[in-house]
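Q: heads up, no residue letters with this:
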């Protein structure tokens, strides 16, 4: 009986000691996964902006489809609290900002102007699982400058 009690106490102590390490590893893993997604977004936008021709007015421009998997919260993964693509007003670049639960906010600068389908900031909060995005090179309404629109399809 005493051996069983000691074994249970030892097991509880070991689990208690290891949980912070498991939690930290889950945050680091999720951070890396979201950084990879941001890199894929950057590659699609920059590739469109630099290697494709701007379409004539009223013609759908070239596009790239990016399928990604955001972390789903579990013992080995943390929640994505924020994923945002913002284009500073009138600038020809964008900023991807993301934050994983328990981790600091990260920023990635992209050398291509990106906006959501409505021409504004793409804001995704608490996003999980498989997602598909369509990046399309278009002409900006007022200036005819090239711009990459990001369309989220499905869920």
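A: Good, I have the coordinates. Note that the structure is a prediction, hence the values are computed from the model and not measured.

Q: got a pLDDT number for residue 155?
A: At residue 155, the model reports a pLDDT of 55.

Q: what residue ranges in the protein score low on pLDDT?
A: Scanning the chain for pLDDT under 70 picks out 154-155.

Q: just checking, what's the longest strand in it?
A: Ranked by residue count, the top strand of the chain under DSSP state E comes out as strand 129-139.

Q: how far does that one sit from its chain's centre?
A: Relative to the chain's own centre, strand 129-139 is displaced by 12 Å; criterion: CA atoms, centre = their mean, to the nearest Å.

Q: repeat for stretch 80-99
A: 10 Å.

Q: any idea how far residue 83 lies from residue 64?
A: With the distance defined as CB to CB, to the nearest Å, residue 83 ends up 18 Å from residue 64. Heads up, the C-betas are built off the backbone N, CA and C, glycines and all.

Q: how about residue 35?
A: Residue 35 is 19 Å from residue 64, by CB to CB.

Q: the more surrounded of those two?
A: Per other CB atoms under 10 Å, whichever of residue 35 and residue 64 has more neighbours is residue 64, with 18 against 15.

Q: what angle separates the helix or strand encompassing that one from strand 129-139?
A: Element membership for residue 64 (DSSP states H and E) is strand 63-70. Here strand 63-70 points in a direction 150 degrees away from that of strand 129-139 (axes from the mean of the first three to the mean of the last three CA atoms, to 10 degrees).

Q: give the pairing partners of strand 63-70; include direction for each.
A: strand 129-139 (antiparallel) (DSSP bridges).

Q: what comes up buried for the partner strand?
A: By neighbour count on 16 or more other CB atoms under 10 Å, the buried set for strand 129-139 is 131, 133, 135, 136, 137, 138, 139.

Q: hang on, the earlier thing: mind listing what's buried in the strand holding residue 64?
A: 63, 64, 66, 68, 70.
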